[in-house]
Each structure stands twice: as structure tokens, then as C-alpha cells.
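[1] coords please:
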Amino acid sequence: MLIYSAAYIFLIFKGKALIIKQLTDITHKKVSIGYFDIAPPLSIEMKNLDIEGMAKVEAISISPSILGFITGNLALNNIRIIKPQFTYEKTLPKTAESPTASAGNAISAAQPPKIGRLRMIIKKINIKDGRLELLDRTIGENGMKITVKDIYFDLDNLYLLPRSVITNFELKAKVPWQDSGEEGKIEAEGWLNLFKKDMQATLKIEDIDGVALYPYYSKWVDLEKARIQKAKLNFSSEIQGLNNNVTANCHLELTDIVRRPLETEESEQKAARIADAVMEIFKALNQGKIVLNFTIKTKMDRPEFGIGNIKMAFEEKLSQGAKSSGINIEDILGLPVKLVQGTVKGATDLSKAVIDGTVAVGREITKAIIIDPFKKEKKE
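    Predicted coordinates:
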């Protein structure tokens with residue numbers, strides 16, 4: 001009882017300043033808290049938390065564990081976060097020769113701060129009505145903006161210390177289209193063991209605006225010349241990890257493709273003819289859908305997404321479809337061919353168009369929501 005009383009008094013007088021200092025040290029950003037109070041028996045209540053340029057949170061409730069603190073760990077029984085708004089900005093790395101580089105800008109928003117070797121235990125985290133604004137300034141002239149809203153995230157038993165514990169998680173969110181009222185959705189659930197580096201998870205992304213990803217594949221495809229106005233992207237993955245080795249069996253679908261009709265006296269562009277041929281081959285194999293299955297192998301502590309296996313799967317399926325229909329790929333795609341900039345250059349570049357756009361967006365969303373907040377530094 002004496003310990004609880006002492007902790008209660010300490011948090012009343014020093015809690016707000018201590019939390020602001022800790023968040024400032026971690027994020028290197030200006031931090032403010034509009035409302036701070038301690039509710040019995042021992043719950044920290046905060047409103048209008050603002051981490052400059054990174055996050056705004058309407059309300060937070062934190063229940064610390066006194067027993068955890070006694071053992072020398074930062075231990076929290078429960079964290080409830082209501083209506084947080086996160087901002088994640090990816091920028092090109094600055095070099096010493098860059099005129100915009102600054103010695104005072106050591107931490108970029110594209111490189112989230114590291115938690116380091118902080119010994120932390122969180123029994124439960126729950127996020128409701130969250131929102132993420134993802135801005136990728138490395139793509140295109142004006143960058144690429146993606147909004148993820150209505151985020152629900154639930155996580156149990158997060159141990160950032162050497163102990164074998166199963167951490168369970170669940171994520172649900174919506175991704176609104178930029179130019180219409182349609183919405184895609186993201187769902188992920190599973191478990192991981194940070195100590196053993198084991199995991200099992202499923203990821204589903206449905207009805208994403210495929211045209212909105214255009215900045216990621218504009219080098220290879222000209223949507224105007226290909227006359228593609230609309231397309232939905234679906235992606236799912238079964239993920240298994242053992243001893244830091246992760247295998248993700250992935251399934252990608254492109255559906256509901258809408259092509260702009262040729263206008264009067266408009267001639268068919270080379271890009272459109274290639275798009276027609278490739279789509280017809282894939283649709284013939286998958287009941288009218290463009291479907292691609294591939295496998296990604298990576299590491300749990302340093303996840304990376306390459307396109308080698310994906311590109312191979314694309315080209316094998318394209319070859320399979322052409323062979324079964326008696327079509328010569330070289331005749332359809334005009335290979336070898338050197339087209340002017342702004343058109344599809346062939347099967348390889350078309351595969352990169354679909355794959356790079358999908359993987360890049362998925363990687364950044366996953367990195368911003370899941371990987372970065374809980375990533376540990378590799379032991380020296």
C-alpha cells in the first residue's frame with residue numbers, strides 16, 4: 001500500500017513532465033499534453049497529446065504496473081488510445097553534398113527513432129479510430145499520399161526484453177479511394193515471439209485503388225496510353241516464421257479493370273495493345289481475373305521485400321498462358337523492342353509495374369503501423 005501511495009503522489013506531481021521528457025528523448029520532437037490526471041487506483045489519463053509532425057491523440061489511458069517497475073522494467077498493464085492521428089513521411093536520404101542537408105536535422109521522419117534497449121513490458125495495447133497519413137516523397141514530383149483510417153489495433157503481451165513470450169495482434173483498417181467514395185480494407189492477425197523470432201500471421205488487403213498507385217509504376221506504364229481508368233487490387237499472404245526465417249506465401253489479384261473506350265479517329269497505342277494481350281492471357285487462366293501467386297523469403301528482424309521471385313512467377317505464368325493458347329509472347333509484346341519513354345516496355349517491365357507498386361505501398365504501410373513501433377535494435 002505504501003508503494004502505491006508513493007507512486008500515486010509521484011505521478012501527480014511529476015508524471016506529466018516525466019512523460020513529456022521521455023517522449024521528447026525518444027522522438028526528438030516537441031511534445032505537449034493538454035490534460036493530465038491520475039485516476040484511482042492507478043491510471044494515467046491524458047488528452048490532446050501532440051508530438052510535433054508525428055502524432056496527435058485525442059485520449060490515452062495508461063495503467064502502469066508497480067511490480068514491473070520494482071523489477072527494473074518499464075511495465076504497463078494496459079494502454080488505450082482513442083482517435084490517434086499518425087503522420088509518416090518518407091523522404092530521400094540527405095547526403096553531405098546536398099545543399100538541403102543540415103547538421104541539426106539528424107533524425108528524419110523517414111527514419112523513425114529507435115527504442116534501443118529499453119526494457120519494456122506491455123500487457124495490452126488497444127487503438128481505436130486511428131488514422132495514418134502516409135506521404136512518400138521519394139516517388140514522383142509531388143510524392144504519393146495514402147490515407148489509412150478507422151484503424152483498430154489490438155496487441156497482447158509485448159515483451160521488449162529477453163524472454164520467450166507469445167505476442168498476439170489484430171489489425172483492421174480502411175483505405176479510402178482518392179477520387180471516389182469507395183474504400184479498400186486491410187486486415188491482419190497472428191502472433192509472434194520476439195525472443196525466438198518465430199511468427200505466424202495472415203494479411204488481407206482488399207479492393208485497393210490500383211490506379212492511385214500509379215506514381216510507383218509510372219516509369220513503366222502510361223495509364224493514359226493504356227486507357228486504364230480503374231482497377232481494384234486484392235492481396236493476401238500467409239506468413240510463417242521460424243528462427244528468424246520468414247516465408248510469406250502471397251496471392252495478388254487485379255479485378256474490375258475499366259478501360260477508356262477509343263475516341264473517334266483515335267488510334268490504338270502500343271501500350272494499350274500490350275495491356276490487352278497480357279490481360280487476356282491472365283484472364284483466360286483465372287476465370288476473368290488477373291492472378292499471381294508468389295513467395296517472399298526474408299528475415300523477421302530485418303524484413304525486406306524483393307521482386308526476384310515475383311518477377312519469375314509473373315513471367316512463368318505469362319509464358320504458360322501464351323503456350324496453352326498457342327500465342328507467341330515475342331509476337332504479342334514486340335520483343336525485342338525499344339519503345340519510347342512512357343509506354344510499356346515488355347513483360348518484365350509490366351511485372352515490375354504491378355509488383356513494385358503493390359510491394360512498395362504494402363511495405364510502407366506495414367513499416368509505419370507495425371514494424372517501426374516495435375522494432376528492436378540488433379544486439380551487438
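[2] Phi and psi next, for residue 205.
    Phi and psi for residue 205, reported as degrees, to the nearest 10, are phi -130, psi 120.
[3] hang on, isn't it packed against residue 233?
    Yes - when contacts are counted by CB atoms under 8 Å, residue 205 is listed as touching residue 233 (7.4 Å). The C-beta positions use only the backbone N, C-alpha and C, and glycine is treated the same way.
[4] anything in contact with each of the two?
    Shared contacts of residue 205 and residue 233 (CB atoms under 8 Å, 6 or more residues apart in numbering): residue 184.
[5] Give the other helices and strands that the helix or strand hosting residue 241 contacts.
    Using DSSP states H and E, residue 241 maps to strand 228-242. Applying 3 or more CB pairs under 8 Å, 6 or more residues apart in numbering; DSSP states H and E, we find strand 228-242 packed against strand 183-193, strand 198-209, strand 245-259, helix 347-366.
[6] ranking these by mean pLDDT, which is last?
    Lowest mean pLDDT within these: helix 347-366, a mean of 49.
[7] Wait, a helix at residue 20?
    Yes - counting by DSSP: H, G, I helix; E, B strand; the rest coil, residue 20 falls inside a helix.
[8] which one is it nearest to, not counting chain neighbours?
    residue 31 (4.9 Å; CB to CB, 6 or more residues apart in numbering).
[9] Could you measure from the one you found over to residue 39?
    Relative to residue 39, residue 31 is positioned 22 Å away (CB to CB, to the nearest Å).
[10] more crowded one of those two?
    residue 31 (19 against 10; other CB atoms under 10 Å).
[11] State whether that one and residue 51 are indeed in contact, as I suppose.
    Yes - Residue 31 lies in contact with residue 51 (CB under 8 Å); the separation is 5.4 Å.
[12] Pull out the buried positions in the helix or strand hosting residue 89.
    Secondary structure assignment for residue 89, by DSSP H and E: strand 74-90. For strand 74-90, burial by neighbour count (16 or more other CB atoms under 10 Å) applies to 74-77, 79-81, 84-90.
[13] Between these, which sits nearest residue 181?
    Closest to residue 181 out of these is residue 85 (21.4 Å), distances taken as CB to CB.
[14] Mind pulling up the pLDDT for that closest one?
    Predicted confidence (pLDDT) for residue 85: 95.
[15] ok, what's across the strand from it?
    As for beta bridges, residue 85 partners with residue 56, residue 131 under DSSP bridges.
[16] same check, this time on the one 4 residues further on
    Listed beta-bridge partners, residue 89: residue 135 (assigned using DSSP bridges).
[17] ok, it touching residue 137?
    Yes - assessed by CB under 8 Å, residue 89 is found in contact with residue 137 at 6.6 Å.
[18] I'd like the distance between residue 254 and residue 148.
    The gap separating residue 254 from residue 148 is 21 Å, by CB to CB.
[19] my bad, residue 60
    Counting by CB to CB, the separation of residue 60 from residue 148 is 20 Å.
[20] of the two, who's got more company?
    residue 148 (23 against 19).
[21] so the more buried one is in which element?
    Per DSSP H and E, residue 148 falls inside strand 144-160.
[22] helices or strands up against that strand?
    Using 3+ CB pairs under 8 Å, 6+ apart, the elements in contact with strand 144-160 are strand 120-136, strand 167-176, helix 347-366.
[23] Send over the first one as PDB, restricted to the C-alpha atoms.
    Same thing as strand 120-136. The C-alpha trace of strand 120-136 is given here as PDB (Å, rounded to 0.1, in the frame of the first residue of the first chain):
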ATOM      1  CA  MET A 120       9.600  -2.700 -21.600                       C
ATOM      2  CA  ILE A 121       6.600  -4.900 -20.900                       C
ATOM      3  CA  ILE A 122       3.100  -4.000 -22.100                       C
ATOM      4  CA  LYS A 123       0.300  -6.500 -21.300                       C
ATOM      5  CA  LYS A 124      -2.200  -4.900 -23.600                       C
ATOM      6  CA  ILE A 125      -2.400  -2.100 -26.200                       C
ATOM      7  CA  ASN A 126      -5.700  -1.100 -27.800                       C
ATOM      8  CA  ILE A 127      -6.100   1.500 -30.500                       C
ATOM      9  CA  LYS A 128      -9.500   2.700 -31.800                       C
ATOM     10  CA  ASP A 129     -10.500   5.100 -34.600                       C
ATOM     11  CA  GLY A 130      -6.900   5.700 -35.600                       C
ATOM     12  CA  ARG A 131      -5.800   7.400 -38.800                       C
ATOM     13  CA  LEU A 132      -2.400   7.300 -40.700                       C
ATOM     14  CA  GLU A 133      -1.300   9.800 -43.300                       C
ATOM     15  CA  LEU A 134       1.500   8.200 -45.300                       C
ATOM     16  CA  LEU A 135       3.400  10.500 -47.500                       C
ATOM     17  CA  ASP A 136       6.100   9.100 -49.800                       C
END
